[in-house]
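[1] Here's my sequence, what's the structure:
(one chain, ligands or ions: 3)
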Amino acid sequence: MTDTRLYLITPPKLDPKPFGETLKSALDAGDVASLQLRLKDVPEEDIARAVDVLMPIAQSRDVAFLLNDRPDLAAKFGCDGVHIGQEDTPYAEARAIVGPERIVGVTCHDSRHLAMEAGEAGADYVAFGAFYPTTTKEPKTRCEIDVLSWWAEVMVVPCVAIGGITVANALPLVQAGADFLAVSSGVWDYTDGPAAAVKAFNKLFK
Ligand SMILES: Cc1ncc(COP(=O)(O)OP(=O)(O)O)c(N)n1
Ligand SMILES: Cc1nc(C(=O)O)sc1CCOP(=O)(O)O
Ligand SMILES: [Mg+2]
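    Ligands and ions are numbered 1, 2, ... in the order given. Modelled structure (predicted):
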């Protein structure tokens, strides 16, 4: 049994009500540690509506609900945490906004240095990527698996692997010691549906 767990990222575009039904089936299919709401370049009211519909679905199933980019809204809406990248609110400011009890995760690309900085500053996890090609976003970097295995061997702060991860290519990341696999299209676009994807990923973690 590995310690790796699934960290879902919402698809780039979604209609909250119908997506909420898809989300319920995915979360009821197996263990999911967390869900990140990642809506880019939308009005705040669209984020608020998605939070209203999706956060209760996640939290009622003990799935942590994180918001991408916006520590202010994460605090305002009562999310369990926020994910920030290198071009978003700096860690110290995000932590001051959300407080000590909420999760703050930090994008560290392929950089051991960025990850050590974030870990020392108090980040709850560091995210490395992209490990594989992805069409969900234009990743700034590609990350080699040895960065992940180095971090898993020498550091205690949890590490997240992200970028183009599918059931078919995930095993090397699990074997390298990733604490979480952050996945979007590998679940929502899975041939047999998101629920089957959650089951298949959890089978890999056994
Ligand atoms: C878990 C996780 N890792 C990395 C990212 C990417 O964050 P960022 O670099 O800020 O890019 P955007 O997602 O904001 O476009 C993430 N969102 N989640
Ligand atoms: C949001 C995000 N950040 C990345 C990074 O490299 O930091 S890759 C990525 C896309 C994740 O979606 P998918 O699982 O569909 O590839
Ligand atoms: Mg960001």
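[2] which strand is the longest one in this structure?
    Secondary structure assigned by DSSP state E gives strand 103-109 as the longest strand of the chain.
[3] Around ligand 3, pick out the residues from the protein.
    Taking C-beta under 5 Å from the ion, the part of the chain that reaches ligand 3 is made up of 69, 85, 88. Just so you know, the C-beta spots here come from the backbone N, C-alpha and C atoms, and that holds for glycine as well.
[4] any idea what sits nearest the first one, other than its immediate chain neighbours?
    Yep, that's Asp69 we're talking about. Asp88 (5.1 Å; C-beta to C-beta, 6 or more residues apart in numbering).
[5] how close does the closest residue to Ile103 other than its chain neighbours sit to ligand 1?
    Excluding the flanking residues, the one nearest Ile103 by C-beta to C-beta, 6+ apart is Gly81, at 2.7 Å. Distance from Gly81 to ligand 1, counting by C-beta to the nearest ligand atom, to the nearest Å: 11 Å.
[6] doesn't Ala64 make contact with Gly81?
    Yes. At 6.5 Å, Gly81 counts as touching Ala64 under the criterion of C-beta atoms under 8 Å.
[7] So for these two, which sits in the more crowded spot?
    Between Gly81 and Ala64, counted using other C-beta atoms under 10 Å, the more crowded position is Gly81 (21 against 17).
[8] Is ligand 1 within reach of the longest strand of the chain?
    Yes. Strand 103-109 comes into contact with ligand 1 (C-beta under 6 Å from any ligand atom), by way of 105, 107.
[9] ok, that strand: who's next to it in the sheet?
    Paired neighbours of strand 103-109 in the sheet (DSSP bridges): strand 81-84 (parallel), strand 125-129 (parallel).
[10] any residues touching that strand, and which ones?
    With C-beta atoms under 8 Å, 6 or more residues apart in numbering as the test, strand 103-109 has contacts from 34, 64, 66, 71, 80-86, 91, 94-95, 98, 114-115, 118, 122-129, 140-141, 143, 160.
[11] Report the rounded mean pLDDT for stretch 168-185.
    Taken as a whole, stretch 168-185 carries a mean pLDDT of 98.
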